[in-house]
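Enquirer: Sequence and predicted structure, then a few things I'm wondering about:
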Amino acid sequence: PVIVGSGSNNTMEAKEQSLRYQEIGADGLLVITPYYNKTNKTGMLQHFYEIANAVSIPIILYNVPGRTGCSLTCDAVKELSQHKNIVGIKEASGDISFVSKISQFANEDFAIYSGNDDMIVPIMSLGGAGVISVLANILPRETHLMVKAFLEGDVMMARTLQLRYLEFINALFIETNPIPIKEAMNRAGHQVGGYRLPLYEMEAGTMSSLVDTMRRVGFAV
């Protein structure tokens, strides 16, 4: 399945993009909160309703206040989770208390996905269904096994994998994502290309730290 990011701080633009991606075959949409245009609760709800009412494919909400400057509230998640086209949330606030509050809305029609690789197991322990991951770009098997182990009841294995790769996960955010993950993937031989401004090549010091961490988890770089 292909889930396409169609969010914008312009509701009509997000709606038009969502309809276009649906038309060309997207299986689902990832829709971020409207960054910069920090609206009130009703405006936030109407932003998502405008998009969700226009499409017929599933939508995953994306909450990442560190990037957008605004956050979904618990009440907003509760209301949005009841829309037939809104099937989940990528929760990347880093606030485990907030996750615990919205976990009461998780059910077979609305899933919580970790948006932070360093919190996969903690969020799953509160009812999360998995992760929408940066780490999985370069360690897909290991990320899959972590989630699979938890879902199958092997919490100790899931915990072991979470902690085993924690240093590497932190290194992937030593500079603004996706700069380190692209550098790591290129060095691992995947050749995913360079950067478009304002993203830029890593600083020498952080590059060295990333490479050292990659070696410690087994990459030949």
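Expert: Structure's in. What do you need?
Enquirer: Averaged pLDDT, the one helix or strand Gln17 maps to. What do you get?
Expert: Assessed by DSSP states H and E, Gln17 sits inside helix 11-23. For helix 11-23, the mean pLDDT works out to 97.
Enquirer: try stretch 54-71
Expert: On average, stretch 54-71 scores 94.
Enquirer: what does the helix or strand of the chain with the lowest mean pLDDT contact?
Expert: Every helix and strand in the chain was compared by mean pLDDT, DSSP states H and E; the lowest is helix 65-68, with a mean of 90. Helix 65-68 has contacts (C-beta atoms under 8 Å, 6 or more residues apart in numbering) with 32-36, 71, 92-94. Every residue, glycine included, has its C-beta placed from N, CA and C.
Enquirer: List buried residues within the residues you listed.
Expert: With burial judged by 16 or more other C-beta atoms under 10 Å, the buried subset of the contacts of helix 65-68 is 32-34, 71, 92-93.
Enquirer: Out of the residues you listed, the closest to Glu142 would be?
Expert: Glu142 has its nearest neighbour among the buried ones among the contacts of helix 65-68 in Ala92, at 20.0 Å by C-beta to C-beta.
Enquirer: Apart from its chain neighbours, what residue comes closest to the closest one?
Expert: Gly115 (2.7 Å; C-beta to C-beta, 6 or more residues apart in numbering).
Enquirer: any idea whether the closest residue to Ile96 other than its chain neighbours is helix, strand or coil?
Expert: Excluding the flanking residues, the one nearest Ile96 by C-beta to C-beta, 6+ apart is Pro122, at 5.9 Å. Three-state call for Pro122 (DSSP: H, G, I helix; E, B strand; the rest coil): helix.
Enquirer: Which pLDDT does the model give Pro122?
Expert: Value for Pro122, per-residue pLDDT: 97.
Enquirer: cool, Thr39 as well?
Expert: Note on Thr39: pLDDT of 89.
Enquirer: Use 14 as the first number from now on
Expert: Got it, first residue is 14 now, which makes that one Thr52.
Enquirer: That one belongs to a helix, doesn't it?
Expert: No - using three-state DSSP, the assignment for Thr52 is coil, not a helix.
Enquirer: Tell me, how many residues neighbour it?
Expert: For Thr52, the tally of surrounding residues (other C-beta atoms under 10 Å) stands at 15.
Enquirer: repeat for Ser222
Expert: The burial count for Ser222: 17, using other C-beta under 10 Å.
Enquirer: That one: which element?
Expert: Per DSSP H and E: helix 217-229 holds Ser222.
Enquirer: residues touching the residue nearest to Ala105, list them.
Expert: 75-77, 103-105, 144-145.
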